[in-house]
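Student: predicted coordinates and the sequence they were generated for:
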Amino acid sequence: MDRILVWDWPVRIGHWLLVGAFALAWLTSESEAWRLVHAGAGGTVVGVIAFRLLWGVVGTRHARFASFVRGPGGVRDYLLGLVSGRPLHTAGHNPAGGWAIVALLALGLLTGASGWLTYNEVGGEWFEEVHEAMASLMLGVAVLHVAGVVVSSLAHRENLVLAMLTGMKHGTPAEAIRGARPWAVPMLLACAAACAWWLAR
Amino acid sequence: MRQHAFAILVGLCATTVQAATPAELLAGYQSAAAQQSAGFQPSAQRGAAFFANRFGQSAKMPACTSCHTDDPALAGRHVVTDKAIKPLAPAANAARFTDAAKAEKWFRRNCTEVVGRECSAAEKADFIAFLTGGR
């Protein structure tokens, strides 16, 4: 198999922006002095996810939800293959990773929404509890996601963390994406910045 | 250690019994403080001094009054986010100190940042005594 381009620039930048913003929000969660930063980081998470949802429809091949979100059967087959030592290789996200992505995107939005409601004291005080529960759940899924990345990296003898930086993975030339679409990155950044500003104000 | 056990107890009670009164919370902190120092009596004066004290641990929020204003019966304003904060005094805001777990949570958060350490049960008792305007 060849080394081919599978992750475009918005996918890669969005991924690491999400990692950084979520980590920053987590680290500043117990502080009032850092509360504006916390809300801005949370707003960035929401902005990146909002862009990702759109990109999951109009983005490059392996960024599209239709290309990597599989049913329970697909996930089971992938996990069984992983256990048996003969994992099914996918050029893009594997089926288990696909579910982690969907869960992280959903939890990110729920955490952001409940956080905004708490921040502006809209609705009941129980949104504060919801916010904390969703954020903890999101951290749990992120840990599972990283564990899955390590296991799959070893199983496929392919550094998937590096792939999310370079965009390159093993695959056939026919599976490659044609361009990395760097022109969409400013749109991603604008969306993240606008959400950070609007949700933290 | 006892203080932590008390905090856990308070938290457990709060999950089953939702509505508490400021007087009940004060009594809880008072009995916890009495275990550490026999004959402890809450003091609204000490609570008032604590509320006004400039601890200076945080540059942006050196004192309780940085956000809550000098009068706990008035609405405050968050110095960092500029968001409105409802009055701390139960007389002005009936929802205050009616949930033991919530009180514990905010004592822990704000004491850590403003005072630079967790507050003692005695300080919490004095604080509620001051805010409820009794004793």
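Tutor: Structure received. Only a predicted model underlies this, so the values are computations on that prediction, with no experimental measurement involved.

Student: chain center to stretch B:113-132, what's the gap?
Tutor: Using C-alpha atoms, centre = their mean, to the nearest Å, the distance from the centre of stretch B:113-132 to the centre of the chain it belongs to is 5 Å.

Student: and the end-to-end length of that stretch?
Tutor: Using C-alpha to C-alpha, to the nearest Å, one end of stretch B:113-132 lies 24 Å from the other.

Student: repeat for stretch A:110-130
Tutor: Stretch A:110-130 has an end-to-end distance of 9 Å (C-alpha to C-alpha).

Student: which residues outside it are in contact with it?
Tutor: Outside stretch A:110-130, the residues within contact range by C-beta atoms under 8 Å, 6 or more residues apart in numbering or on different chains are A:39, A:42-43, A:45-46, A:49, A:131, A:134-135, A:138, A:199-200, B:81, B:83-84, B:102. (Each C-beta comes from the backbone N, C-alpha and C, glycine too.)

Student: among the residues you listed, which ones are in helices?
Tutor: A:39, A:42-43, A:45-46, A:49, A:131, A:134-135, A:138, A:199-200, B:102 (DSSP state H).

Student: and the two most separated of those residues?
Tutor: A:49 and B:102 (29.5 Å; C-beta to C-beta).

Student: higher neighbour count, these two?
Tutor: Using other C-beta atoms under 10 Å in any protein chain shown, the more surrounded residue of residue A:49 and residue B:102 is residue A:49, with 24 against 18.

Student: my guess is that one contacts residue A:105. True?
Tutor: Yes: under the criterion of C-beta atoms under 8 Å, residue A:49 makes contact with residue A:105 at 5.2 Å.

Student: how about the residues of chain B by chain A?
Tutor: Within reach of chain A by C-beta under 8 Å from any C-beta of the partner chain, chain B has these residues: B:58, B:60-61, B:67, B:78, B:80-81, B:83-84, B:102, B:109-110, B:112-113.

Student: TSV for these, including pLDDT?
Tutor: TSV is the format used below for the residues of chain B next to chain A (pLDDT from 0 to 100):
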residue	pLDDT
B:58	92
B:60	92
B:61	95
B:67	96
B:78	96
B:80	95
B:81	95
B:83	94
B:84	93
B:102	92
B:109	94
B:110	96
B:112	96
B:113	95
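
Student: which parts of the helix or strand residue A:154 falls within are buried?
Tutor: In this assignment (DSSP states H and E), residue A:154 forms part of helix A:126-156. Neighbour-count burial for helix A:126-156 flags A:127-128, A:130-132, A:134-135, A:137-138, A:141-142, A:145, A:148-149, A:151-152, A:155-156 (criterion: 16 or more other C-beta atoms under 10 Å in any protein chain shown).

Student: pLDDT on that helix, on average?
Tutor: Average pLDDT, helix A:126-156: 96.

Student: chain center to that helix, what's the gap?
Tutor: A distance of 10 Å separates the centroid of the chain from that of helix A:126-156, by C-alpha atoms, centre = their mean.
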